[in-house]
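S.K.: generate a structure from the sequence data that follows.
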Amino acid sequence: MSSPRVVAVAPGSPAESAGLHVGDRVEAINGQAPRDVIQWQLLTDEPELELEVLRGGLQLTVEIAKRAGQPLGVEVHSALFDQLRTCDNHCEFCFIYQLPPGLRRSLYAKDDDYRLSFLYGNYTTLTRFTEADLERVITERLSPLNVSIHTTDPELRTRMLRNRRGATSLRWLRALLDAGITIHGQVVVCPGVNDGDELDRTLAGVLDRYPELASVCVVPLGVSRWSSESSLRPHTVDEAKRVVDIVEEWQRTFLGVLGRRVAFLADEYYLLADRPFPDSEAYEGFPMHEDGVGMARTFELEMHGLVEEPTGIAPGFFAWVDGAPAEGYRAPRAVPAPSPAPSPAPQIDDWRHYASAQSSIPVTVSLLPRRDAPIAILTGEYGARVLAPLVDELGRPYVRVLPVRNEFFGGNIGVAGLLVGEDLARVLAEQPRGHRYLLPDVCLSEGRFLDGLAPADLPRPVEVVATDGVALRAALGLEVALVGVRS
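M.R.: Coordinates of the predicted model:
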């Protein structure tokens, strides 16, 4: 087991006053070696701390006195200090198996660790869960957790997980619910496997055996061109429509019996079935927003200025391995420093002639975008279908949505969170210079795309914008009058 390494010390904090340094390794807190950041937080909440620190090969003892519950003021290098609990399932639909070769090593880590479920919203199948884990979750109230259910039929679940414990591991789900732990479930629907009548039976099983579940999100199978499983395929339109019909029927049943809808469909299903999104009220507070459930409606509320703060958290794919704070995605984010305003481009009176006028501008002039330049919003193909009508409603003809087809992953992958630099570069190379290009931050981890490229590698300057309607409104200048642009 490795010890937590200090990567940042907050100015004026108890840690700074006690002399903790970046690079210090904290081997014990009050005589106990923390296994993970969860224990770290519990131990450092105490008012009197004795830290055993390793610094440059020297053993030190650091004593700290502070208020009970006062933050220590230290950021550590990782969420886990002991070994990651890897997944021993072999699900044919696992997206890790559908990654292309040559990506950074961290992306291929396949976890089934309940601690990462608590910290980052990862899904656990509970096939590696133990009595000791149950005791810890209950004692430390590690709630909520996210659990991959996929089906409530024991034999089918064993086949889907390709793990004999798939049939028995849902006993832990029952035990967690009995202990009052909040659980969000997930069903990845694979055509011809757990859709249709099997999906119907799964939701019946939820009502019969797990009615305390806070929610169950139903998401479609994602198939990349790198999948080696010949049985995997995307939904047909008719299959997607049936999934929508089944879930909506069960929502009515859950609402009548339990007083809440319980089951929710990922936005992709409404796009696949060419059905309208439900009203905002139907999402009951958007409990599964970060799993793609209700994102379209929350974005609409944010774009219309009906909420002041973003709804939910969208950490992005693979956030736990790259870029997210060790405290997890529920931790407060540091406010990023504002990026400098782009250098002004040569004055052009009418944005409609901006592109054509560029041909007469000397090549020695840097065509960086100005604040009143035409705007293109980069997003995936699914996101474009959501954004396009919202942008049309703005009545700003200088703003457009620029969909980016995901040729890197291929298949039916069309979400913004899986956009990569290679595809963005291909699309941007064909776009005019001098325009503003807005890029959602959900496709970046530590400033990099999944293929290892960075925004600076793209052929056009881009502005990275938080993936929510509030940030997009601000980037579009909708909170103030736009100067110098003719609408």
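S.K.: after the one helix or strand in the chain whose mean pLDDT sits lowest comes which helix or strand?
M.R.: Scoring the helices and strands of the chain by mean pLDDT, DSSP states H and E places helix 354-358 at the bottom, with a mean of 33. Counting by DSSP states H and E, the next helix or strand C-terminal to helix 354-358 is strand 375-380.
S.K.: contact partners of the helix or strand just after that next one?
M.R.: Note on strand 375-380: by DSSP H and E, the next helix or strand toward the C-terminus is helix 381-394. The contact list for helix 381-394, computed with Cβ atoms under 8 Å, 6 or more residues apart in numbering, reads 267-268, 271, 295-296, 299-300, 303, 377, 379, 399-406, 414-416, 440, 469, 476, 478. Quick note: C-beta positions are derived from backbone N, CA and C, even for glycine.
S.K.: what's the answer for stretch 203-217, then?
M.R.: By Cβ under 8 Å, 6+ apart, the surrounding residues in contact with stretch 203-217 are 144, 149, 151-153, 173-174, 177, 182-187, 246-247, 250, 253-254, 257-258, 262-266, 287-288, 291-293.
S.K.: now swap in stretch 133-146 and tell me
M.R.: 38, 42, 114-115, 117-118, 121-124, 172, 175-176, 179-186, 214.
S.K.: which of those residues count as buried?
M.R.: 38, 114-115, 117-118, 121-124, 172, 175-176, 181-186, 214 (16 or more other Cβ atoms under 10 Å).
S.K.: so of the residues you listed, which ones are in strands?
M.R.: If you go by DSSP state E, the buried ones among the contacts of stretch 133-146 have 123-124, 183-186 in strands.
S.K.: of those residues, which is the nearest to Y283?
M.R.: H184 (13.3 Å; Cβ to Cβ).
S.K.: now the strands for the stretch 201-350 of the chain?
M.R.: Secondary structure of the stretch 201-350 of the chain (DSSP state E, counting those that start in this stretch): strands at 215-220, 263-265.
S.K.: in CSV, list those along with mean neighbour count and distance to V386.
M.R.: Below are these laid out as CSV (neighbours: other Cβ atoms under 10 Å; distance: least, Cβ to Cβ, whole Å):
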stretch, mean neighbour count, distance to V386
strand 215-220, 24, 16
strand 263-265, 27, 14
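S.K.: need the ones you listed in JSON lines (columns: distance to R159 and mean pLDDT).
M.R.: JSON lines is the format used below for the strands of the stretch 201-350 of the chain (distance: least, Cβ to Cβ, whole Å; pLDDT from 0 to 100):
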{"stretch": "strand 215-220", "distance to R159": "19", "mean pLDDT": "96"}
{"stretch": "strand 263-265", "distance to R159": "22", "mean pLDDT": "97"}
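S.K.: okay if I get the ones you listed as CSV plus distance to D238?
M.R.: Shown next, in CSV, are those (distance: least, Cβ to Cβ, whole Å):
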stretch, distance to D238
strand 215-220, 14
strand 263-265, 16
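S.K.: ok, which of the ones you listed comes nearest E16?
M.R.: Among the strands of the stretch 201-350 of the chain, the nearest to E16 by Cβ to Cβ is strand 215-220 (41.4 Å).
S.K.: then that closest one to PDB, C-alphas only?
M.R.: Taking Å, rounded to 0.1, in the frame of the first residue of the first chain, the C-alpha atoms of strand 215-220 are listed here in PDB:
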ATOM      1  CA  SER A 215     -33.500   5.500  -9.500                       C
ATOM      2  CA  VAL A 216     -32.800   3.100 -12.400                       C
ATOM      3  CA  CYS A 217     -31.300   4.600 -15.500                       C
ATOM      4  CA  VAL A 218     -31.900   2.700 -18.700                       C
ATOM      5  CA  VAL A 219     -29.100   3.400 -21.300                       C
ATOM      6  CA  PRO A 220     -28.500   2.100 -24.800                       C
END
